[in-house]
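Asks: I'll drop the sequence and a predicted model, then ask my questions.
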Amino acid sequence: MRKRTSPTILERAIIIVPEFKKALTTLSQQVTLRGQGQGTLDNCGRRIALFVVHFERLPEYVSEDEINEYLVALARGPKSPSRSSFKHMVYGLRYYYRLLGMNKKAIALPTLKKDTKLPVILNRSELKELFTAPALLKQRIVLTLIYSAGLRGQEVINLKISDVDFERMTIHTRQGKFKKDRVAPLSPTMVIGLKKYLKAENPHIWLFNGKQADHKYSVRGLSWIMRENLKRTSITKDVNLHSLRHTYATHLLEEGLNIVTLKNLLGHSEITTTMIYLHIAQCEHVRPHSPLDTLYGRG
């Protein structure tokens, strides 16, 4: 007998407020027309579903006072996850209202201060410890690959076997964030591990299959791999899957890569996003001098 699973938050919201299904369709259409990512839609959908389940109404029918009272309750949560829920709910509601043309409602929401925290990165000893922690080859390869090419979680699960070119030594990331394609260098060290993994696992279509051969892995599954293997190490830093991408960027800067090239490798739209790594990279300082000295081989 097949085990019944409990409904997801989206399904619960649709059961409670059937009109929510139509709202989701409208959101999906707007996201497609604007060329935005599926991940953005998924995150917004989950937040709005939680809101709908709480109020048993669509957001456009909830008063400003009710919304403020709800957000205050989230913001006053005793733990940081509650503060995070508050921020993500504000982002989700603002996104929802703007996509549906309700700009007044969006503007009425609280203004959020941008995080000024610098990314936490791993040092080289910690990386080596992390990469040897997994007992399974697949887990070891996926963590190493994220660091070696600076990939986002969503980009990893979208990689097909054909996107890895062993002859040209490249990894082709297709339709990443902001619908951008980019090509990253494939590390010779990574080639050894990938070939061993492909021979052992024999994946089908996707570089990292899910439970079924024709299904992709999930970002949630990748995050679980990171969390579980961190427990097997002596690492005490507050890091997550995305920290491997931060570490990749910082280490490349420390090894002398210029920031414009790094921006392109990371797939950033604005160089100001990349510049945050200048605050954590331990780059060698060049003694002040005149360029005339180096022009003639002095200095």
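Replies: It's in.

Asks: and R34, how many neighbours?
Replies: 10 (other Cβ atoms under 10 Å). The C-beta positions use only the backbone N, C-alpha and C, and glycine is treated the same way.

Asks: and the pLDDT for it?
Replies: Model confidence at R34, given as pLDDT, is 74.

Asks: what does the one 5 residues further on give?
Replies: On the pLDDT scale, G39 is placed at 73.

Asks: my read: it touches G153, true?
Replies: No - in this structure, G39 is not within contact of G153 by Cβ atoms under 8 Å, at 9.1 Å.

Asks: list of residues touching stretch 213-220?
Replies: Contact with stretch 213-220 is made by 39, 142, 153-154, 156-158, 203-206, 208-210, 241, as judged by Cβ atoms under 8 Å, 6 or more residues apart in numbering.

Asks: try it again at 10 Å.
Replies: Contact partners of stretch 213-220, identified using Cβ atoms under 10 Å, 6 or more residues apart in numbering, comprise 39, 42, 138, 142, 152-160, 202-211, 224-225, 241.

Asks: likewise stretch 227-242?
Replies: With contact meaning Cβ under 10 Å, 6+ apart, stretch 227-242 is reached by 119-123, 125-136, 139-140, 142-143, 146, 151-153, 156, 219, 222-226, 243, 246-247.

Asks: so who does the nearest residue to E19 once chain neighbours are set aside touch?
Replies: Leaving aside its sequence neighbours, E19 sits nearest to L58 (Cβ to Cβ, 6 or more residues apart in numbering; 5.9 Å). Counting by Cβ under 10 Å, 6+ apart, L58 makes contact with 13, 17, 19-20, 22-23, 48, 51-52, 96, 100.

Asks: ok, now Y248?
Replies: 121, 127, 146-151, 184, 262, 265-266, 277.

Asks: returning to that earlier point: buried among the contacts of stretch 227-242? Need that as a selection in ChimeraX.
Replies: A single ChimeraX command selects the buried members of the contacts of stretch 227-242 (16 or more other Cβ atoms under 10 Å):
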select :119,121,122,126,127,129,130,131,133,134,139,140,142,143,146,151,152,153,156,219,222,225,226,243,246,247
